[in-house]
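K.L.:
give me coordinates for this.
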Amino acid sequence: MNKAGRALRWRRALLTACMALCAGGWAQSSPPGNDFQRDQTLASSGDVSAELRVALAYNLGLTVKRNYGQALRWFQTAAENGSLPLQQAKSGLAGDPALEAQAWIGSLYLLGHGVPQDWHQAYEIESALAGKGVPVAARFLGLMYQTGQGVEEDFSKAADLYRQAEEDGDARAADLLGVLYQRGDGVRQDYSLAEYFYSRAAALGDDWGATRLGDMYRKGLYVPRNYAIAFQYFSGAARQGNFVALQRLGLMYEKGEEVFPDYRQAMKWYLQAARSGYPTAQLSVAAMYQSGRGVPKDKVRAYAWTLLAVQNGAAEAGRRLEKLSQSLTPAQVEQAKSMLPGLRK
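P.N.:
Residues are numbered from 1 along each chain as shown. The predicted structure is shown next:
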């Protein structure tokens, strides 16, 4: 794949990851998963904030199985039961859950989740709300400009929109702004500003900002290497279910970074990340089974996890799968394939 193709693939992956996995905005104060039933009860009685939390739970697969139809229904309910229609909304309502619900409806049109994909509709919704000072909408609109989805790609506009959202307290926008500074996209490359915005995101409770900070400290990228700080950031992000942070904790236990080497603990964290669909973690689990570290040696399970990583797009997994297949019988390969449904979350 050429450079342009890789860049396009990265932008699409960024859009999907940020839209599908990132809550942010007002809803960052969502209660723990065991309060979902309480939120449903409150939502059924017309509590707009609870309606938004229920919608986000369905949209992001938080504590319940992801269901875009249900997400759309609750986003629409929150939008309709909130303050004012979009066209009547005034500035100063950035913290209104009804307006945030409308912004999330725009994101569904952008991705075609629960509704036919319609970039024009997404742009109309997000640009109107961003103009009214709704930070989540500004962040979504920034993503459209960063990825070139529905608009002409413009990293500078993306940076301006992220900055607008970040100044209004949107944690995920702070993280995305940090990414732009780290890569030098639309802004002058500045690693210290990247670290600043990641720190800002983490302080606001963003798991991706914390994970990126953890990576910087673990590898000594632009900051002094510090395993203790890295472990702290990964642990915080892992508590929020961030699959990359979960995998990084497994790696630190496997390598004995800041903690004593503990293959069983490494396997524990790898499995949590792998069952979330993260192919890098799935390869880590496969390697543990192949070598018998932390678990009994099992080449059949190693093959199954490697095959799952292949299906999830891990480029390097294909070579590993081919090599593993040479040590298995056809019957064992079929046995491994039969395991796949049980490996998925």
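K.L.:
name the element residue 75 belongs to?
P.N.:
Residue 75 belongs to helix 68-81 when elements are defined using DSSP states H and E.
K.L.:
what packs against the helix or strand just after that helix?
P.N.:
The C-terminal neighbour of helix 68-81 among helices and strands, as given by DSSP H and E, is helix 97-111. With contacts taken as 3 or more C-beta pairs under 8 Å, 6 or more residues apart in numbering; DSSP states H and E, helix 97-111 sits against helix 3-21, helix 48-60, helix 68-81, helix 119-131, helix 135-147. Any C-beta I mention is one placed from the backbone N, CA and C, and that applies to glycine too.
K.L.:
how distant is helix 97-111 from the center of its chain?
P.N.:
17 Å (C-alpha atoms, centre = their mean, to the nearest Å).
K.L.:
alpha carbons only: can I get that helix in PDB?
P.N.:
Presented in PDB, the C-alpha positions along helix 97-111 are these (Å, rounded to 0.1, in the frame of the first residue of the first chain):
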ATOM      1  CA  PRO A  97     -27.900  17.200  27.000                       C
ATOM      2  CA  ALA A  98     -30.600  17.700  24.400                       C
ATOM      3  CA  LEU A  99     -28.200  19.600  22.200                       C
ATOM      4  CA  GLU A 100     -25.500  17.000  22.700                       C
ATOM      5  CA  ALA A 101     -28.000  14.300  21.800                       C
ATOM      6  CA  GLN A 102     -28.600  16.200  18.500                       C
ATOM      7  CA  ALA A 103     -24.900  16.200  17.900                       C
ATOM      8  CA  TRP A 104     -24.700  12.400  18.400                       C
ATOM      9  CA  ILE A 105     -27.600  12.000  15.900                       C
ATOM     10  CA  GLY A 106     -25.300  13.900  13.400                       C
ATOM     11  CA  SER A 107     -22.600  11.400  14.100                       C
ATOM     12  CA  LEU A 108     -25.000   8.500  13.300                       C
ATOM     13  CA  TYR A 109     -25.600  10.100   9.900                       C
ATOM     14  CA  LEU A 110     -21.900  10.500   9.400                       C
ATOM     15  CA  LEU A 111     -21.200   6.800   9.900                       C
END
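K.L.:
that helix versus helix 48-60: what angle between them?
P.N.:
With axes from the mean of the first three to the mean of the last three C-alpha atoms, to 10 degrees applied, the angle from helix 97-111 to helix 48-60 works out at 20 degrees.
K.L.:
how about the contacts made by the nearest residue to residue 123 once chain neighbours are set aside?
P.N.:
Of all residues not flanking residue 123 in the chain, residue 150 sits nearest, at 5.1 Å (C-beta to C-beta, 6 or more residues apart in numbering). By C-beta atoms under 8 Å, 6 or more residues apart in numbering, the residues touching residue 150 are 110, 119-120, 122-123, 144.
K.L.:
next one: phi and psi at residue 150?
P.N.:
Phi and psi for residue 150, reported as degrees, to the nearest 10, are phi 80, psi -10.
K.L.:
that one and residue 175, how far apart?
P.N.:
Distance, residue 150 to residue 175, by C-beta to C-beta, to the nearest Å: 22 Å.
K.L.:
do the same with residue 225
P.N.:
22 Å.
K.L.:
next, residue 313: phi, psi?
P.N.:
phi 100, psi 10.
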